[in-house]
Structure formats: C-alpha cells, structure tokens
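# Below: sequence and its predicted model.
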Amino acid sequence: MFKWARKSAVLYLLIFLLGTRIFDLNKIHLKILNFLVVPVDYLYDLSKGEAAFNKEIFGAYLDYYKQFIKYSPHSPDALGMLAFCYSYLGDQPKAVSLYKKAILLEPAFFWFHYNLGALYFKQGKYPEAAASLRRAFSVERKKTLNLLFNSHILFYLGPSERFDFPVKKATAQKDVYSDMANHLKEGLDHCQEMLVLSYFRMKAYPQMLKWAEVGIEHRQGDIPFFYFHGGVAAYQLENYPKAVLFLNKCIEKDPGYMDAYYYLGLTLKVMKKDDQAAVVFKAYDSLRAMYPQGRPMDRKEYSLMVF
Amino acid sequence: MNRPNLWFDKAKFISPVVLWFFIFGGYWIGKPCMTMHGMDYYHLVKYFMDNLIHGSFSLWDPFRNWGKPDDFDNRFIGEFNPFMWLYVIFSKMGIPLYLSFLYYAMLYYLVGVIGFYFLAKRIFQDKNLAWMSFVLLLFSSVGFTVFNNFCITLLFVPVIWFFYFLVAFGQEPRKHFLLGLTFSTMIILITYMPFYFLTIWAAFVLGVGVLFPGQFVKIISKSFQFFKENKFLTIICLFSFILSAVPGWQWNKEASRGEYVLSWRHEGSPVEHSAGVNIGTINAGGVVGPVTFQGLFSDLDKSQHLMFYISIFVYIVLLLSIINNLNRRLILIFGVAFFLILVAMADMAPVHKFLYDHVFFFKLFRNIFYFLYMSIPVIILFVVEQWRLFLEHKPSGRREKFFMVLFLLLVHLGFVFFLTKMGDVVWSSYLTVYLSLSLLILFFLASSKIPRRVFELLFIGIVILQPGEVFTHSVRNSLSVVEWFPKERFFSHFSFVRRFESDNLLFKGPTEGIQDHSGIVPWKYTGLKYSYILQKEIPSDILERYTRYKFFVYDHIQPMQEKSVNFKRIKEAFAKQENLAFVFSEDDAAFSPMDDQAAAPQALRIHENSSDFEVERFDVNSIQLKTRFDGWKFLVYNDSFYKNWQAFINGKRTEIMRANYAFKGIWLPPGNNTVYFRYGSRGLYFFNYFMLGFFYLFFIYLLWSCYRAGRKETAYV
C-alpha cells in the first residue's frame, strides 16, 4: 500500500508544496523586475536620431520589455516602451494596440498620447491623431515628469557623464530631471504643430485656427509656423483681415517663409488689393526660384519619442 | 583484449574536453573574454606572482589608496596554492600574461572537473556514471566562473577534491587519501571565505549522521583506528591543517580590529569585522533576478554569463525519475542540494535569515549566490543517481514494455509542450528531447541487440547537444573585456610623485590609470580607516595635491589628539603645504622640541633623488632611504599608517608615528642616515616563504603517494 510513498514523485511533490509555503512569490517577482532594469538611454538617443540602429542592442531592449510584461502585465511604461519598439520596427498595428493599453492603465502620461497621435498622424489618420494629441495636451505635465522620474522602465542616465553616476549621483539626477523637463517642452511644441497640421489636412479650419492661436499665445516652438497656419485657416474661413495680420506677422518673423507670401497674395487678391498682391506674388516667385522644392526647414517630420 | 576498451575509455573521456576547449577556442587565442571579477583575479594573481618572482612576497600594496595591507587580496587568490605557478610557467614560456592567467585558470577548473569524475566514481562505483557526471559538470555554468568570477573556481576545485578524498577515506582509510584530504583542506583554508566550504561540509556531515548513523559511527571508529596506526602521519596532517589556518586566522584578527575598511561591503554591517556585510546588501545581490525558472529553458541563445545552467537532459531525467524508488543516498544528496539552493535564495526563503542571525560567519558572506554554483555538482550527482535507478527498470513482457513506452512518450511529449509554453527555446532543446525519447525507447525495447557502449556514447551526445549550442551562443554574445577595478597592476616600480587626475579619470583613464594615484575611489574603498576618514573630511582637490608627493620633510610638528582632531586646520596646512606636520601619538616623549626657528614657510617636498634625500631600494613591502640634513627633521611618508610597519634608522628600530592623520612619520636625526621602512617582521616573511615551500612540498608528496598507491593497485590487479 505504501509502495508509492517511496517514489521520487512523492519527494518532488513534497518539495513543491514546501516551496509554495516558504517562497515569497511576490518578492521573487519584484526581485526579477528590479534585476531587469536597464537604462533607456540608447532608445532615447535612437529616437532623437543621435544613435545608429543596432539590431542586437535593439533586440535586447525588445526582449527586456517583453520579459518585463510577462512578470508585470499591467505595467504601462513597459507596454509603452514595447509599443515604441514595435513602431520602430514597422509593426504599427501592434504599436497602436499597446499604446492604447498603456493609456488605459496610465492616462496621465503625456508621451503615450503623443506617440499614439504621432503614429496616427504618420498613417494619415488625422481625426484619431487630433484626438490623441488633444488628450496629450490636457495631461498634467508635472505628473508626467514624476512618472518618468520614478519609472524603473524609463530609467535614464541622462546627459551627465554616465561613468560617474555612482559618484555624482545627486548632480546626475538633477541633470536628468531638467533634461526630462526640456524634452517635455519640446514634445508639447511638436504636439501643437501636429494638431494644427492634422486639422489642416482634415480641413477643419476653425480648430486649426484655434490651435494656431494657442501656439501663438503660448509663444512657444516655431512661431512663424503658427502664424502661417493661423493665416491659412483665417483665409479659408474668409476672415481676411486676420489672415493678412497673421501672414504679415509670419513674414515679419521669418522673411523667407515662402508659402506665407503665396497665401498673403491670395488674400490680398480676394480683398481686391491687386497691386499689393502683385508685389507679394513677385516676392513669392523670387523665393520659389531659390527653393524650387520648398524650404527644407519648412518640411515637418515627427517621429515617436521615448520621452 | 583490453586494448580497444582502454582506447575507447580514453577517447570518450577526452572528446568532451576537446569539445569544451573547441567552443572556448576563441578565448584560447586571445579573444578578450574575462569580465568583472575574472579581470580582477587576473590582476590579483599577476600582482602577487610578478612580485614573488622579483623577490617580494607582497603583503602591502603601496599603489592603491595610499597604501593598504594586501591580506585581503591574498585571501582571494590563496597565495600558497601551488597551481598558481602555472601562470608563471606559461608566462616564462613567452605566452602573453593575460593568456597565461587564462590557461592557468582553465586548467585549474579542469582539475576540479577531473576531481568530480573521481568523486562520482567513488560514489557510484561505475565508470560510465562517473563519466556522465563529469560531462554534465564540464558543460554546466560552473565553467563560466573561470571567466567572470574566478573566486568560485578557486573554492570549487579544492572542495570537490576534499569530498573525493573524504568519501575515499570513508570507504577505505589509506594514507594518500588522508594526505589528499589534508591538502585540499589546506587549500580551502587559505582561500577566500573557507566558511562557504564549512557550510557545505556541515550539511553533508549532518545528512550522513542522520541518514546513515550506523555507517557514520563505523567510519569514525575506522578512522580513529587508522589514526592510531599512523600516528606520525596524523600529527603531520594535523600540524599542516593548523598551519594553513594561520594566514586566515591572522587576517581575521586584523579585520576584526576595525582598522581595515571595505566601504562598499561593510556599510551597515552589524559586526566589527571589515568583511562583515549588512543583510540588505546580501539580499540585493541574490540569485533571483539573474536566475529565473523560465530562464532555465528560454532565451538561452541570448545568454552571456550563465549563472545557473545544466544540460536540459537533467530535467528530462528528473521527470523520468518520478517512478524511481527513493533511497537514502538520494535523500542525502537531494537534501544537501536543496539546502544550498535555499541558502542561495537569500531573502526569498527564510533559511538564510535564520543562519545570518544565528551563525556568525553568515554575516561575512556577501555573495550568497556562490552556494548556487556549489549546488550544481550536488544536483548532478542526484540526477546521475536517478539516471542509474531509471535504467535499472527492466520491463519484461509486452504489457510492461508498452507501459514503459507510454510513460516515455508522456514524459517527453509533456516536456516538449512545456517548452513550447516557455517560448524562445533553442532548437537543440527540442532535439535533445526527441533524441532522448528515441534512444530510451530503443534502450528498453532492443537493448540486447545493441552494444551498451553505443548507448553510452549516444546518451553522452544527447547530454552535450544543448550545452554545445548554448555555450557557443554564450561565447559569441560575450562582451569584450570589461576593465574594472583594479586596473593594470605593476610591481616594485617606485615614483616620487603620484599621478594626479580628476575623479573622472579613475573610471575613464588609461589602463594603468588607477595605479599609484593621489586620489581614491570612496564608493568602493578598500584600505585603512584613517585614510578613508581623511578623504571624507578633506576636499579631494586639496588632498590629491598633497598626496601627490610621497615624502615631505618638516621643521615643525604639532601634536594632535584623535578626539580633538581639527580637520579644518589640517586642510589649511595641506592646501598651503605648510612646514608643519600634525602628529598623533599617545607617547608624549615622541615630540621632541624643534630648534630651528628660522625654517622655511613651506615643507620640503621630495620629488626626485638628491644629495639630501635618496631612495635606495624599493619593493611593495619596504623602502630604504638615505638622508642627510643639517638639523632634526620630521619625515612624513605619505603611505598609510598601519601598526604592522616598522622603521629603522641606521639599523636601530625607531617609532613610526601617525602623521598628518593617515600617514607614517618619523624623526630624522641630523647627518647621514639610512632609513628603512618595512611592513611586518622578518619572522612574518620567513613564515610566508616557509608556507610557500611547505605547500609545494606537501603537494609533491601527495602526488607521489597517489602515484605509489596507484602503482600498487595496478600491481595487485
């Protein structure tokens, strides 16, 4: 009857039962998660175009986030970073779905909304892009910074000399925090620009005008860009005096803003100021001759950002 | 007639070794492969041996942190270990130093694995099972310690041999076994933290005592009988044992006095001992994280330094073994392995905390994960015993054979299913499972038609298959050499002026940047208490400018007491390089009055040999100077003050005072003087050289005894 009690299976079963009693599984998971932490610097540099794509390093990050999610499936920062990786690799549907999941878990993080908006924007899904970017705008910035600073997944060594990190920890941390704040400011500028462009491409001119005015009001980022798009929106809404005002301001801020001359000429023509329009068109033509493909600085490209 | 068998035995023994060396082939020809502690140990061995062959048994390191005792580093490498001479032999053959160390380290590891073969042979009394144990260990993660944590290899090799000799002596008490037992204990005792071994030994002895009480008593009485019959040998062995405990005991005594600081290790420790570690620090470095259950099977192609890895065949055997009957030997081996794993789990299980609180030496273990490495050979023995038991199943009749095949199918296919669930499994894992299934079916259904030797070879092939792939990935993934603390180390080269670089360069500088440097690395400080305190109290730029110069000659001194030390004043004096030394001494007579009132405002900095001051001789343990000043002078040698130093002026001993808080100071009489500073007494050097010779002779005697015993056995056969 007790023949089976002598089998090794019994020993393994006993050990398994003992193990479940004495091992603290939560602690084990936490320990594994802590161990997995790697600085996000490489991906950050990559997103800024300051590092070259390296398949192996990139693969290691991808594995790390996957692994992390296995242990902690409700970690929004890990989901967000995995989305970033997939997007970089061209798997946009997966990236979109992961960003959506991350936003559900952490709606107060600017960069998830921003990246989702940028993804939609790239895909030409402007209504979706505008919705995401609007939400990005509405989140509390300090919350984003706090989340960033306290996230293990987004652990960032920053611009301080990295080898000195253990020695100059306090200075490094201060630098990192201010670096993160600067990135956020930059992100907000891009967000606003994308919003304006999304409404432009949707031909939603009232909203386009509104967001261009917000950009002008905050006096941040590319001011001539906002004046120009404000002017274009006003022109489309047939608010010609406003269009003239904004387009003139744009030219004042950036005399080389070629398209502003064009729209100003159109507006003046509609306002029956043909002489003035002819002068403006002449200026436009001479600029056009200089930049037949358009000015390089006016070509806006938005990539996904780590933060 | 035995000739083909002999050749077969040799070939099957050598071929896994050849494969192992083939996989690590890149390393042999110089691909940088050592990381972190692998590199550290290269430097430690190089420093010690380079000095030794130049006539200095290094007991002091004057090049790091303004000078520090070398005991701790010597404990790391086990300075009397005769195998370390392999490094010297290789380097003398013209092999580059880095590779000389690597060849020594790899061969030493191989010595340990061979020891494991003999141990397994003693336990199983079966060459094939011993061979399987040998292969499993060779292709486990223990081998990686050669490249990334050589300390574990240094501990592992003598521990394996100890258990071999212990088992052998328990089975048949013979002289060469006792000698081997003693010698392996001697090596363990001079190695870093022999308490790791003590823990394993205690677990084993306790297990034997509980599970085999009759045999235990019998072995004890048999041993006593042997000791009685071989009194002289027993006394020699006991003497050798005690003698080899002296360096460790001495270091332990020094470390307990609180003068030695290991800032990165000692912070928050509940014990005075400088090697003491806070339990939080231990827990931070546990095995959970680097080792996960999933990691045993998944992502093995991405591994760099395998911490816990055994061939996947081990897990198949464990699954198959569920139908095996337990025996006491299995329970003993399992118990020891399980205990070691539990300890290695640190705060994940309650065992370590209990031991930390109740067993004093557990407060000295920082790297508790060493026990995980140590558990690998024990796990292998358990698996091989299970394998033996499994192969003993002899299904007879169609019904039994059918159930056996069904069982094999269930286990193997179940395991494949499990692997697919784990994800990211290397292809050789699946192949191992399929081959194992096919071969076992063949074994149970047609073993009579196929020679046993063919099965043995095929099974070993299966054992090696996955490690072959995983090791290849691991070698390919390994990073280039990581230069870590300490950097390149040289010997006996004296310079009057230390390098002066900012903290940044400590991390980024050239290879030899860390050596003989005026700054120190506070976050990973290993050195003396007063130097440590000084660098905390005095701004680093001022201190580094001051300590650049190794010698200052002063006309004025100011006594200072430890309890009322004025760092602000010391800082001021350092910054201006005032002609004033601060002297800390209990003995008031040490302060002789100065008569030179018209002295220069600044102290005399020595930056080269001159007619007044000349360095005649220098090695890591001592320095001899010639001085010639008109009046009394106070000489400060900016090398850390430590009580073991002695000073002699014209052959007469003179008192060394603690000067400028952390350094050595002595009075110099007017006229010509020969000043000699030396670390430790002559007796200490005699003892160390004696120990070197003693270990070497003991080892030769052991080899000779084993050879003689082997010849006798052959003669009987």
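Happy to help now that I have it.

# how close does whatever residue of the stretch 201-307 of chain A ends up closest to chain B get to A:Gly187?
Per C-beta to the nearest C-beta, A:Val306 is where the stretch 201-307 of chain A lies closest to chain B, at 22.3 Å. The C-beta positions use only the backbone N, C-alpha and C, and glycine is treated the same way. Counting by C-beta to C-beta, to the nearest Å, the separation of A:Val306 from A:Gly187 is 10 Å.

# got any residues that touch both of these two?
Jointly contacting A:Val306 and A:Gly187 under the rule C-beta atoms under 8 Å, 6 or more residues apart in numbering or on different chains are A:Trp111.

# returning to that earlier point: is the residue of the stretch 201-307 of chain A closest to chain B located within a strand, as I assumed?
No - counting by DSSP: H, G, I helix; E, B strand; the rest coil, A:Val306 is not part of a strand but coil.

# What backbone torsions are found at B:Ser540?
The phi/psi pair for B:Ser540 (degrees, to the nearest 10) reads phi -60, psi -30.

# Just give the number of residues close to it.
Using other C-beta atoms under 10 Å in any protein chain shown, B:Ser540 has 15 other residues around it.

# cool, and B:Val111?
Counted with other C-beta under 10 Å, B:Val111 comes out at 17.

# pretty sure it is in a helix, no?
Yes - assessed with three-state DSSP, B:Val111 lies in a helix.

# residue contacts, the spatially closest residue to it that is not a sequence neighbour?
Nearest in space to B:Val111, with sequence neighbours left out and distances taken as C-beta to C-beta, 6 or more residues apart in numbering or on different chains, is B:Val157 at 5.8 Å. B:Val157 is in contact with B:108-109, B:111-112, B:115, B:187, counting by C-beta under 8 Å, 6+ apart.

# follow-up on the earlier one: so the residue of the stretch 201-307 of chain A closest to chain B touches A:Tyr42, yeah?
No - the criterion here is C-beta atoms under 8 Å, and A:Val306 misses it with A:Tyr42 at 9.6 Å.

# Could you look up the SS state of the residue nearest to A:Val37 when sequence neighbours are not counted?
In this structure, A:Val37 finds its nearest non-sequential neighbour in A:His152, 4.8 Å apart by C-beta to C-beta, 6+ apart. Of the three states, A:His152 takes coil under three-state DSSP.

# neighbours around the closest residue to chain A within chain B, how many?
Here chain B gets closest to chain A at one residue, B:Gly289, 2.7 Å apart by C-beta to the nearest C-beta. When neighbours are counted by other C-beta under 10 Å, B:Gly289 registers 20.

# show me the contacts for it.
A:31-32, A:34-36.

# ok, A:Asn54 to chain B distance?
Computed with C-beta to the nearest C-beta, to the nearest Å, the distance linking A:Asn54 and chain B is 14 Å.

# Mind splitting the chain into its structural domains?
By default, I'm working from chain A. A:25-202, A:215-291 (automatic domain parsing).

# if you could check chain B rather than the one you did, that'd help
With automatic domain parsing as the criterion, the domains of chain B are listed as B:19-479+B:690-716, B:503-680.

# Point out the residues in chain A that sit beside chain B.
A:6-12, A:15, A:22-24, A:27-28, A:31-32, A:34-36, A:60, A:63, A:67, A:70, A:161, A:163-164, A:166-167 (C-beta under 8 Å from any C-beta of the partner chain).
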